[in-house]
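Chemist: What follows is a predicted structure for the sequence shown.
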Amino acid sequence: MVPTSPSPRAAGAPSLTCGSVHDGIATLLTRFGAAIDGRRSEDVAGLFTADCAFIPPSGDVIRGREAIETYYRARFADARRRTCHQWANLQVFPDGESRAGAEAVMTTYAFEPAVSESHAQLRVGRVHVRCESGEDGIWRFAEHRFEMAFPLSIPLRS
């Protein structure tokens, strides 16, 4: 058996995560991507606080769960539209027990026929969020902003 080095945590280094806050926000981001990829506008809206703000790359501010649900229902109108969200480099900045800010890299692969019938879109950027944990212990977005870094287009096979 080959000896392995102890993990930094085992060697006494502080954890790089924020415990349940980090895990709760990581879960929130994962649920957000899954709800969009699953085309479930009601579930997307349910991941936000009642008085939330959602800011897509256009810079428009969409306020409230109902407005977010309407926004996503319109995005999902074309049944051919498909997406796959991936997250990386999550950093969480706790602000007490029930509030936190976070940043992550989001990569989205999308086929949006309204944009192109012959190319898929690859969007890479940073998500900046403010999150709150309710009495139910579930983390939700109070504010969600996506800043696009690389909007790319990938040709589809014929």
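Modeler: Received it, and whenever you're ready, just let me know what you need. All figures in this text were calculated on a predicted structure; none of them were measured in a lab.

Chemist: all helices for this structure, in order.
Modeler: 20-37, 41-45, 65-75 (DSSP state H).

Chemist: Take the ones you listed and write them to a markdown table, including mean pLDDT.
Modeler: Output for the helices of the chain, formatted as a markdown table (pLDDT from 0 to 100):
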| stretch | mean pLDDT |
| --- | --- |
| helix 20-37 | 96 |
| helix 41-45 | 98 |
| helix 65-75 | 97 |
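
Chemist: what's the closest of the ones you listed to S133?
Modeler: helix 20-37 (6.4 Å; C-beta to C-beta). In this view, the C-beta of every residue, glycine as well, is placed from N, C-alpha and C.

Chemist: outside of that closest one, which residues touch it?
Modeler: Under the contact criterion C-beta atoms under 8 Å, 6 or more residues apart in numbering, helix 20-37 has outside partners 17, 43-44, 47, 72, 82-87, 90, 92, 94, 97, 100, 102, 104, 106, 127, 129, 131, 133, 137-141, 144.

Chemist: Restricted to strands, list those residues.
Modeler: Applying DSSP state E to the contacts of helix 20-37, the entries found in strands are 82-87, 90, 92, 94, 100, 102, 104, 106, 127, 129, 131, 133, 139-141, 144.

Chemist: Report the buried members of the contacts of helix 20-37.
Modeler: Buried by 16 or more other C-beta atoms under 10 Å: 43-44, 47, 72, 83, 85, 92, 94, 100, 102, 104, 106, 127, 129, 131, 133, 139-141, 144, out of these.

Chemist: what bits of this protein have low per-residue confidence?
Modeler: The chain contains residues with pLDDT under 70 at 1-19, 158.

Chemist: centroid residue for it?
Modeler: The structure's the chain has its C-alpha centroid closest to L29; by C-alpha atoms, centre = their mean the separation is 4.1 Å.

Chemist: now it: how far from S116?
Modeler: According to C-beta to C-beta, to the nearest Å, L29 and S116 sit 27 Å apart.

Chemist: Next one: the closest residue to E97 other than its chain neighbours from L47, what distance?
Modeler: Residue nearest to E97 in three dimensions, not counting chain neighbours: S133, with 7.4 Å by C-beta to C-beta, 6 or more residues apart in numbering. Here the distance between S133 and L47 works out to 13 Å (C-beta to C-beta).

Chemist: What is the neighbour count of S118?
Modeler: By the criterion of other C-beta atoms under 10 Å, S118 has 9 neighbours.

Chemist: Many thanks, we can stop here.
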